[in-house]
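Peer 1: sharing a model that was predicted from the sequence below.
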Amino acid sequence: MRLRPLVALLLLSVPTLASADDLVVSAAASLTDAFHAMGKAFEAKHPGTHVVLNVAASDVLLRQIANGAPADVFASADEEAMDKAVAAKAVEAATREDFARNALVLIVPKEGRGPIGKVDDLKDASVRRVAYGDPASVPAGRYTRAALEKLGLWEAVLAKGVLAQNVRQGLDYVARGEVDAGFVFATDAAVAKDKVTVAATVPTPTPIRYPIAVVAGSKQAGEAKAFQAFVRSPEGTAILRGFGFGEP
C-alpha cells in the first residue's frame, strides 16, 4: 500500500510569510491543537499581537531556526532537541524551562485488523506495518526506540517500521488504516479518538517533558518572554491540561 503524504501542519500562517511584527512560535507537532488555542488566548490578552504558529518535528524546527528562519519561541517535545538548541546557541539558555509532560502510547485503527492489545503483540506475523516517528529527528520516535530497546522489542518492530516525519504523520497513518499500529503521544491519540484506539500505554526510560525557550536574537524578545510566561501561567497550564498534557 502506498502511504499518502501528510498535509502540512502549519497553523495561522507560515514563518516565511510572517511580518516583522508577528510573534513566531515554532512548536513541536504534538502541540498543534494546544498551541493554536494558546496563541488565540495570548492574542486576546495582548491586543495588537499576532501569533504565527509553525509546527513540525522538533529537530526540523531547530534546523529552520539555525538556518535563519524567523522564530521567537521554540517549544520542543523532548529535552534532546532543546539540548541541541542550547549547544548551537539557537536559544537563550537562561530562558529554558519545562512546561508540560506527556505519555507514549501504542495505537491501532478504530477498525483494527488484528488483536493488538499490548506492545509484545507487535511481534506477531499478522502485524506487518508499525508507524513511529523517525528517531533521527522526531522526539516521539526517540522515545519509541528507547522504550522498545528496554523491552527487547526494537529489532522486531524496526523490521516492520514505517517512519513518520513527525508524530502527527504517524497518527495520520494509523487513523487512515494504512498501518496496523503506531506509536504516538497520548495527547495525539486523544485528538483522533474517533479514528484510533489506544492499545497500551508504553513506559519510557525517561519522562516525556516539553521544554520552551526564547530564540536567540528574537526581534520580539519582550513578547516572546511574555508568551513563555503565559504558557507557564495558570491559564496556560489549564489550556494544556484541556488537551491532555500534564504539568512538568
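Peer 2: The structure has been received and is ready for your questions. Values in this document were obtained by computation on a predicted structure and should not be read as measured data.
Peer 1: would you map out the domains in the protein?
Peer 2: Domain ranges of the chain: 10-101+209-242, 104-202, per automatic domain parsing.
Peer 1: distance between the shortest one and the chain's centre?
Peer 2: Shown here is domain 104-202, whose average C-alpha point lies 14 Å from the average C-alpha point of the whole chain (C-alpha atoms, centre = their mean, to the nearest Å).
Peer 1: before we move on, what about the first one?
Peer 2: Shown here is domain 10-101+209-242, whose average C-alpha point lies 12 Å from the average C-alpha point of the whole chain (C-alpha atoms, centre = their mean).
Peer 1: Three-state assignment for the residue nearest the centre of the chain, please.
Peer 2: Nearest to the geometric centre of the chain sits Ser30, at 2.9 Å (C-alpha atoms, centre = their mean). What DSSP: H, G, I helix; E, B strand; the rest coil gives for Ser30 is helix.
Peer 1: who's in contact with it?
Peer 2: Counting by C-beta atoms under 8 Å, 6 or more residues apart in numbering, Ser30 touches 77, 102, 140, 167-168, 184-185, 187-188. C-beta here means a position set from N, CA and C on the backbone, and glycine is covered the same way.
Peer 1: what's the most distant pair in these?
Peer 2: Farthest apart among the contacts of Ser30 by C-beta to C-beta are Asn102 and Arg168. That separation is 13.5 Å.
Peer 1: dihedrals phi and psi, Leu163?
Peer 2: Dihedral angles of Leu163 (phi, psi; degrees, to the nearest 10) stand at phi -80, psi 140.
Peer 1: if we can go back for a sec, among the domains of the chain, which is nearest Pro248?
Peer 2: With C-beta to C-beta, the closest approach to Pro248 among these belongs to domain 10-101+209-242: 3.7 Å.
Peer 1: look up how far Val127 lies from Asp121.
Peer 2: Applying C-beta to C-beta, to the nearest Å, the value for Asp121 to Val127 is 7 Å.
Peer 1: pLDDT weak spots in this protein?
Peer 2: By pLDDT under 70, the low-scoring segments of the chain are 1-20, 112-114.
Peer 1: could I get the buried residue list for stretch 35-42?
Peer 2: Neighbour-count burial for stretch 35-42, counted by 16 or more other C-beta atoms under 10 Å, picks out 35-36, 38-39, 41-42.
Peer 1: of all those, which comes closest to Lys195?
Peer 2: Of all the buried residues of stretch 35-42, His36 has the smallest distance to Lys195: 19.4 Å, by C-beta to C-beta.
Peer 1: roughly how far apart are the closest one and Asp180?
Peer 2: His36 sits at a distance of 30 Å from Asp180 (criterion: C-beta to C-beta).
Peer 1: about what we covered before: could you export the domains of the chain as TSV, including distance to Pro248?
Peer 2: Formatted as TSV, those follow (distance: least, C-beta to C-beta, whole Å):
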stretch	distance to Pro248
domain 10-101+209-242	4
domain 104-202	14
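Peer 1: number of nearby residues for Lys219?
Peer 2: Applying other C-beta atoms under 10 Å, we find 14 residues neighbouring Lys219.
Peer 1: before we move on, what about Leu158?
Peer 2: Look at Leu158: counted by other C-beta under 10 Å, it has 13 neighbours.
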